[in-house]
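Asks: Here is a sequence together with a model predicted from it:
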Amino acid sequence: MMAVVLGLGLAGLVVLAIGVAMNWARICAARGLGRLLALGRPLEGAALAAFGAEHLFGVQLVIGAVPRWMPWPLFWAYLVGVALVATGLSVACGRLVRWSATMAGGMVLLFVAMVHLPNAFAAPGDRVIWTVAMRDLAFAGGLWALAGSWVGEPGRSRPRMVLFGRVTVAAAALFFGIEHILRPAFTPGIPLGKVTPAFMPWPHVWAAGTGLLLLACGAAMLVNRYARTAAAFAGLWEIVLTLQTEAFQTEAALLAWLTRPAHLARTAILPVLLDSRGRALTSTEFATWLGARRDQGTQHIAFAIGPSDGWSPAALDHLRSRSGLLLSFGPITMAHELARLVLAEQIYRACTILAGHPYHTGH
């Protein structure tokens, strides 16, 4: 799991850096909204490269999406990964974009037709499946709009591809906007199954604001009035939502959140504090502890990485009052970012142990 996260992040950052370097003169020469749009190429390329790296480094996570009737599923998973990374480099560098975006958009459309739509029609009441289908449809439409409007290479523009892209992206924005307004508890952006973190203030305000913005931008794109500006602001807002931190910056802020009045807490929270003075559990023991909390009906566990000098007596007292866990990864000191990766991998490993998956044993 750690290799997947590192590979995904490294691929995205490398392609982003290459794209910014290749487009630096264009970015510096642009003004206002044009500068934001100039950054679109390296950002789009970085996202494509990250998705491709996920296929290459975490093939077991995506191979299940290959239809069962298709032979050689491993081959197709790796092929898609290579294609996405190559398209990301092409878009970021501004080379052969018309060809790469056309083929990548067609590939994603095949995903929608062969994977997402059959799943959606098999479970028409599952909104998450429809959301994923609309997301990838907009993804394909965006690539085709890019290919159809590209002016950096010989050849005529393709207005029909641009029209298809504009309509599909607009439809997705309208769909997501309605979803946010009807279901404000879910994380704003792409309304999948993740609930807005409990420590974020006014979650319904975030959701309603995002929904109204997406509805306005979607309508503008659909009727082709200020479509370029609407698409830019919708994309900018998605970036802002993506960059939201889900971590407290101080111990005091964490304790204030954990001890807030009951009427402000949506569910009871069980704290797990990471500290070198805590219990050093094996992966199997950690999975057993996590499974026991699941069986007891615990709905919300908050993992927190301690400061370099350890948690204060007040934090430890609160932990004991909530029957939480003081967990240790050993006496070594590691950066918070690395500790988060290790913690994420251990949680994933514990879940696979509880599910009987062979990930832990390596077989």
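Replies: That came through fine. A quick note: this is a predicted structure, and the numbers were derived from the prediction, not measured.
Asks: Looking at the record's assignment, how would you partition the chain?
Replies: 2-242, 251-355 (automatic domain parsing).
Asks: looking at those domains, which is buried most?
Replies: Comparing the domains of the chain by mean neighbour count (mean count of other Cβ atoms under 10 Å), domain 2-242 ranks first with a mean of 18. Just so you know, the C-beta spots here come from the backbone N, C-alpha and C atoms, and that holds for glycine as well.
Asks: Can you lay out the domains of the chain as TSV showing distance to Thr361 and mean pLDDT?
Replies: TSV is the format used below for these (distance: least, Cβ to Cβ, whole Å; pLDDT from 0 to 100):
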stretch	distance to Thr361	mean pLDDT
domain 2-242	14	85
domain 251-355	9	83
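Asks: Which element, helix or strand, includes the residue nearest to Leu56 when sequence neighbours are not counted?
Replies: Excluding the flanking residues, the one nearest Leu56 by Cβ to Cβ, 6 or more residues apart in numbering is Gly81, at 4.1 Å. With secondary structure defined by DSSP states H and E, Gly81 is part of helix 73-93.
Asks: hmm, who's touching the helix or strand following that helix?
Replies: Sequence order places helix 97-111 as the next helix or strand after helix 73-93, per DSSP H and E. Helix 97-111 has contacts (Cβ atoms under 8 Å, 6 or more residues apart in numbering) with 48, 65, 80, 83-84, 86-87, 90-91, 136-137, 139-144, 146-147, 150, 152-153, 155, 161.
Asks: moving C-terminal of helix 97-111, what's the next helix or strand?
Replies: Taking DSSP H and E, what comes next after helix 97-111 is helix 117-122.
Asks: Could you list every helix and strand in contact with that next one?
Replies: Helix 117-122 is packed against helix 127-149, with contacts defined by 3 or more Cβ pairs under 8 Å, 6 or more residues apart in numbering; DSSP states H and E.
Asks: For His336, which residues are in contact?
Replies: Here His336 is in contact with Ile305 (Cβ under 8 Å, 6+ apart).
Asks: I'd like to know how far it sits from Ile305.
Replies: Look at His336 and Ile305: by Cβ to Cβ, to the nearest Å, they are 5 Å apart.
Asks: Hey, what's the angle from the helix or strand harbouring Arg228 to helix 127-149? Just curious.
Replies: Using DSSP H and E, Arg228 sits within helix 227-242. Orientation check (axes from the mean of the first three to the mean of the last three Cα atoms, to 10 degrees): helix 227-242 against helix 127-149 gives 130 degrees.
Asks: And the next helix or strand past helix 227-242?
Replies: Using DSSP H and E, the next helix or strand after helix 227-242 towards the C-terminus is helix 251-258.
Asks: Hmm, Pro307 is touching Glu251, no?
Replies: Yes - judged on Cβ atoms under 8 Å, Pro307 makes contact with Glu251 at a distance of 6.3 Å.
Asks: The residue nearest to Leu56 touches Ala50, doesn't it?
Replies: No - the criterion here is Cβ under 8 Å, and Gly81 misses it with Ala50 at 10.7 Å.
Asks: Show me what the helix holding Arg228 is packed against.
Replies: Under the contact criterion of 3+ Cβ pairs under 8 Å, 6+ apart, helix 227-242 touches helix 33-38, helix 40-57, helix 159-182, helix 203-222.
Asks: do you know how far Pro184 is from Thr210?
Replies: The spacing between Pro184 and Thr210, counted by Cβ to Cβ, is 9 Å.
Asks: Angles on the backbone of the residue with the largest distance to the centre of the chain, please.
Replies: Centroid-distance maximum for the chain: Pro313 at 35.9 Å, with Cα atoms, centre = their mean. Backbone geometry at Pro313, expressed as degrees, to the nearest 10, gives phi -60, psi -40.
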